[in-house]
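Asks: 3D, please:
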Amino acid sequence: MSASVLSSWDINQLLPVDALGVSLNGTAGDHHRFTINMQEKEMQAIENQLPDVTIEEPGQHPAPALLTSTNDENMIVARPIDHELFPAANGFALPLTHQGSTFGTFFLLTDTGQNEPIEVFSDKTLWAWFSDVLSSLFYNTWNHHQHIEKEQFFNLYETISSSLCYAGDLQELLTAIISIIVAEISSEEGSIMLYNDETNELEFFSAIGETGEGLIQCHFPADQGIAGKTLQDGTPIVVNDVTKCPYFYNKISDSTNNFPYQSILAAPIILGEEKVGVIEAINKIGKDGFDEKDKRMMVAISDEVGLAVKNARMFEYVVDSYCKIRRGEMSCKGCVRPLRSWTPCAKQLGLLM
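Replies: Numbering: from 1, shown residues only. Got it, this is the predicted structure:
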């Protein structure tokens, strides 16, 4: 869901408030937060306290939580029945529900220096109506957004699956995949690096874009840079301003004639406990930078890349053992019994161009 659902509102005309926020639960157990004049970390701090105060009764609307700012800029969260103890309450957090299940939270804050304290918490009819209206609005919008995103993911998987069927070898396959990523995520460049556990290095195996060809076979320590960080931590990383990133690896920039790196989205390629490599998208096209949707898409693709690399390596090892050990052949040239099912052999037979 785009933040424009909130940002298009003129909150000073709609309500006497100064900040709004919405936190919606994702299908993967994650949270998606959209705000106006409110920090995400502030929303998260409030959410951590909500289970203690928003006690739901069967058949009843979940009660909102009172929010009261303190002098040290912290937030006190209290139950509605305690509203008399907090006469200066200047906001609330309202659970959003659909068919008895909570799918998010709506936040509203006023500026205690300019607006009167909110005094509606004792009126259950009012906040029950408000809860129904907001829940319906955000559920329909969120459900539509997730449906569109699922379609995009399905189309992406279908495209990558087609590449898996037609690619001639691993290099060709990964180049096709990174091309799809760059187009789907709308980035200027992309690359796939594979991990060498013997040298503890990451090597550019496939890359596209202005500097792509120059990066192939370049390698660097696997604990350096954004790629090294995501591989070591095993989690994706979004950096929308590399100048503020403490682990941006300048030596890669130097080797690409000072290509103007602006933003990087990196995801580790890991199968079980095995580190396979890193997949990156470089410089998001547009002013907003990489977002959570881009990150989820990259993580999903990285799993497919990991399986492709593992299967290719396993097949290459088996055939390599067959050719070199059992047959005594050291190269495809002159082989009188090529395996039609293996890419190098198929190319030798002229079955692949």
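
Asks: burial of residue 182, as a residue count?
Replies: 21 (other Cβ atoms under 10 Å). Where you see a C-beta, it was placed from the backbone N, CA and C, and this is true even at glycine.

Asks: Could you pull up the contacting residues of it?
Replies: By Cβ atoms under 8 Å, 6 or more residues apart in numbering, residue 182 lies in contact with 188, 189, 190, 208, 209, 281.

Asks: Setting aside sequence neighbours, what's the nearest residue to the first one?
Replies: Distances taken as Cβ to Cβ, 6 or more residues apart in numbering place residue 283 nearest to residue 188, at 4.0 Å, with adjacent residues excluded.

Asks: Three-state assignment for the one you found, please.
Replies: Following DSSP: H, G, I helix; E, B strand; the rest coil, we place residue 283 in the strand state.

Asks: I figured it hits residue 263, correct?
Replies: Yes - judged on Cβ atoms under 8 Å, residue 283 makes contact with residue 263 at a distance of 5.7 Å.

Asks: Highest neighbour count among the contacts of residue 182?
Replies: Compared across the contacts of residue 182, residue 281 has the highest neighbour count, 29 neighbours, by other Cβ under 10 Å.

Asks: Check what pLDDT it gets.
Replies: What the model reports for residue 281 is a pLDDT of 92.

Asks: Now it. Nearest residue, chain neighbours left out?
Replies: residue 187 (4.0 Å).

Asks: Which residues are in contact with the one you found?
Replies: Contacts for residue 187 (Cβ under 8 Å, 6+ apart) come out as 181, 265, 281, 282, 283, 284, 285, 290.

Asks: Now render these as JSON lines, adding distance to residue 220.
Replies: Converted to JSON lines, those look like this (distance: Cβ to Cβ, whole Å):
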{"residue": "181", "distance to residue 220": "21"}
{"residue": "265", "distance to residue 220": "19"}
{"residue": "281", "distance to residue 220": "18"}
{"residue": "282", "distance to residue 220": "15"}
{"residue": "283", "distance to residue 220": "19"}
{"residue": "284", "distance to residue 220": "23"}
{"residue": "285", "distance to residue 220": "26"}
{"residue": "290", "distance to residue 220": "22"}
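
Asks: Out of the residues you listed, the closest to residue 312 would be?
Replies: Taking Cβ to Cβ as the measure, residue 312 sits nearest to residue 181 out of the contacts of residue 187, at 18.2 Å.

Asks: any idea of the pLDDT on the closest one?
Replies: 85.

Asks: I'd guessed it sits against residue 300; true?
Replies: No - Residue 181 is beyond contact range of residue 300, at 10.6 Å (criterion: Cβ under 8 Å).

Asks: contact partners of stretch 218-233?
Replies: For stretch 218-233, the external contacting residues (Cβ under 8 Å, 6+ apart) are 193, 195-196, 199-204, 236-237, 239, 242, 245, 247-249, 251-252, 255, 264, 266-268, 270, 275, 277-278, 280.

Asks: Please check the residues you listed and keep the buried ones.
Replies: 193, 195, 201-204, 236-237, 239, 242, 245, 248-249, 252, 255, 264, 266-268, 270, 275, 277-278, 280 (16 or more other Cβ atoms under 10 Å).

Asks: quick one: which of residue 181 and residue 300 has more around it?
Replies: Taking other Cβ under 10 Å, residue 181 and residue 300 do not tie; residue 181 has more neighbours (27 against 14).

Asks: separation between the spatially closest residue to the more buried one that is not a sequence neighbour and residue 264?
Replies: Beyond its immediate neighbours in the sequence, the residue positioned closest to residue 181 (Cβ to Cβ, 6+ apart) is residue 190, lying 5.2 Å away. Relative to residue 264, residue 190 is positioned 10 Å away (Cβ to Cβ, to the nearest Å).

Asks: Show me the common contact partners of the two, please.
Replies: Taking Cβ under 8 Å, 6+ apart as the criterion, residue 190 and residue 264 both touch 280, 281, 282.

Asks: Assign residue 92 to helix, strand or coil.
Replies: strand.

Asks: Surely it is in contact with residue 130?
Replies: No - between residue 92 and residue 130 there is no contact under Cβ under 8 Å: 9.5 Å.

Asks: out of these two, which sits in the busier spot?
Replies: residue 92 (24 against 18).

Asks: what's the host helix or strand of residue 205 packed up against?
Replies: According to DSSP states H and E, residue 205 maps onto strand 201-208. Contact here means 3 or more Cβ pairs under 8 Å, 6 or more residues apart in numbering; DSSP states H and E; on that basis strand 201-208 packs against helix 170-185, strand 187-196, helix 212-215, strand 219-221, helix 225-233, strand 274-284.

Asks: Show me the shaky parts of the stretch 51-200 of the chain.
Replies: 51-89, 111-127, 144-152, 157-168 (pLDDT under 70).
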